[in-house]
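1. Next come a sequence and a model predicted from it.
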Amino acid sequence: MSEKLYLYNIIMVLSFFALWLSIQIPEDLEVAIGYFLILTIGVGHGANDLKIYFNSRKLSLKKTIVFVTIYALIVLIGFALFFFVPEIILTVFLLISGYHFGQEHFEKYKLNTSWLTHVFLLSYGFSIILTLLVLHHEESLPIINDLLNVSVSYTSLLYPLIASVALLALSSLKVMQPLLWKTIARELFYLVLIYVLFQSASLLWGFAIYFILWHSVPSIHSQIVFLEGTVSNFSVKKYILNSLLYWIAALIFLSLLYYFLKEYTSLFLSTIIAFLGGITFPHVIVMNQLHKK
């Protein structure tokens, strides 16, 4: 059994455990754990972006400072745009995140690079995001409407989902053709499992399960292999140590955000989304470079 396949078997077991755990604990504790995981492991899986970018480059101190400055500016600009042009930036954020999710998930198969493959990866991740939002539209629509300050309807989510699923089905006929039937069957099973998890869990917990287990953990695995050559106790500890300051900063941010905005739930959620959006944009660029290598 390949290392990545073994990893996904563990992810499936942990997914069911997370679903069982949500039944056993109070809702407030579930929410707290969900935010904690998203802002530690979820945010932390981008903590080594700079190290990944500089791994195979010999840059001068000046060029290094320029890159770090540009990276930080993209984060800040992306964060700010959520409050100035939320309709545009949220759409871009969801599309980029969808492509990033698809790219990370199918990285293990080394698919041929073509425009159709890009369509397939985008429609895969975008369909997963929209499925979660549609299944929990009673929770997701108020958050979206608060963020956009407009009235978004259920059909505004449903129709793009239908279009995305149709694109996914059509593009998969060509893109997944080289894969073995048992591999295709496994991927279909993953989709069914993710759907069941989304259907059974709350909006926040469903997102946390997917974002942490199905995206961040495989991404961290790929990053460790790229940086250290193999996944071992030593390389995992090294990755965690390199990410520690980033994770601590995320926890401090969460604590301050909660302290000042705990009475304003909608603003708290909007700020969390904007924060995730801001750090996602440069992270996707760096990870795209990693996958090309």
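-> Cool, got the structure.
2. ok, and the closest non-adjacent residue to the residue nearest the centre of the chain?
-> The chain has Phe211 as the residue nearest its centroid, 4.8 Å off, counting by Cα atoms, centre = their mean. Excluding its sequence neighbours, the residue lying closest to Phe211 (Cβ to Cβ, 6 or more residues apart in numbering) is Gly42, at 5.1 Å. Placement of C-beta: from N, CA and C, glycine included.
3. Which residues belonging to stretch 190-203 are considered buried?
-> For stretch 190-203, a neighbour-count test (16 or more other Cβ atoms under 10 Å) marks Tyr190, Ile194, Leu197, Phe198, Ala201, Ser202, Leu203 as buried.
4. no wait, stretch 224-235
-> Ile224, Phe226, Leu227, Val231.
5. which stretches of the chain form helices?
-> For the chain, applying DSSP state H gives helices covering 3-24, 27-37, 43-44, 49-54, 61-84, 86-106, 115-135, 137-148, 154-175, 181-200, 203-209, 217-228, 233-261, 265-292.
6. okay, those helices, which one's buried deepest?
-> Of all the helices of the chain, helix 43-44 carries the top mean neighbour count, a mean of 24, counting by mean count of other Cβ atoms under 10 Å.
7. Figure out how far that one is from the centre of its chain.
-> Put simply, helix 43-44 sits 10 Å off its chain's centre (Cα atoms, centre = their mean, to the nearest Å).
8. what's that helix packed up against?
-> helix 233-261 (3 or more Cβ pairs under 8 Å, 6 or more residues apart in numbering; DSSP states H and E).
9. Would you mind giving me the confidence score for the residue lying closest to Ser153 once chain neighbours are set aside?
-> Closest residue in space to Ser153, ignoring its immediate chain neighbours: Leu141 at 7.7 Å, by Cβ to Cβ, 6+ apart. Leu141 is assigned a predicted lDDT (pLDDT) of 90.
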